[in-house]
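A.B. asks: Sequence and predicted structure below; questions after.
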Amino acid sequence: MLQDGKPAVSFGVMGGAYQPLGHAHVFSNLIDHGMDPQAAIDDARLFWGADGTVEVEDGIDAASREALRRRGHAVRPVPSPLGGGQMIVIDRKTGFLVGGSDPRKDGLALGW
């Protein structure tokens, strides 16, 4: 992502068919919801299964699951974590690099 024409965020989300939605979700968490990189990546995820059922990670609360059901969606727990990702945000004010790494996969955020 660029900000004022300069690199500001580098990130990627793995996960096969989930990947495009994962990118949109993590990016929205960062920009629209003001989350830091780690929180943006950690946030619970959902995705539609091959049969059209909405698969939800454990972090999606019962009220949200019920709201999906009331809207006509079939909902079930996801059999495995959805995707995995890493992110680096360049803080231009401080010069720091702020990283996050997904606990769903092996990895960590390091800097030097």
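C.D. replies: Arrived safely.
A.B. asks: Leaving out the residues flanking it, which one is nearest to residue 7?
C.D. replies: residue 90 (6.3 Å; C-beta to C-beta, 6 or more residues apart in numbering). For every residue, glycine as well, the C-beta is placed using N, CA and C.
A.B. asks: Enumerate every residue touching residue 12.
C.D. replies: Taking C-beta atoms under 8 Å, 6 or more residues apart in numbering as the criterion, residue 12 is in contact with 23, 85-87.
A.B. asks: Now do the SS call for it.
C.D. replies: strand (DSSP: H, G, I helix; E, B strand; the rest coil).
A.B. asks: mind starting the numbering at 22 from now?
C.D. replies: Sounds good: first residue 22 from here, last item residue 33.
A.B. asks: Could you count how many residues lie near residue 48?
C.D. replies: For residue 48, the neighbour count with other C-beta atoms under 10 Å is 16.
A.B. asks: Sticking with the residue most central in space within the chain, tell me its helix or strand.
C.D. replies: Residue closest to the mean C-alpha point of the chain, counted by C-alpha atoms, centre = their mean, is residue 47 at 3.5 Å. Using DSSP states H and E, residue 47 sits in helix 40-52.
A.B. asks: Spatially, what comes nearest to the residue nearest to the centre of the chain if we skip its sequence neighbours?
C.D. replies: Counting by C-beta to C-beta, 6+ apart, residue 47 lies nearest to residue 61, which is 5.2 Å off, once chain neighbours are set aside.
A.B. asks: helix, strand or coil for that neighbour?
C.D. replies: State at residue 61, reduced to three classes by three-state DSSP: helix.
A.B. asks: Then residue 113?
C.D. replies: coil.
A.B. asks: so who does the residue lying closest to residue 43 once chain neighbours are set aside touch?
C.D. replies: Leaving aside its chain neighbours, residue 43 sits nearest to residue 34 (3.4 Å; criterion: C-beta to C-beta, 6+ apart). Going by C-beta under 8 Å, 6+ apart, residue 34 touches 40, 43-44, 46-47, 104-106.
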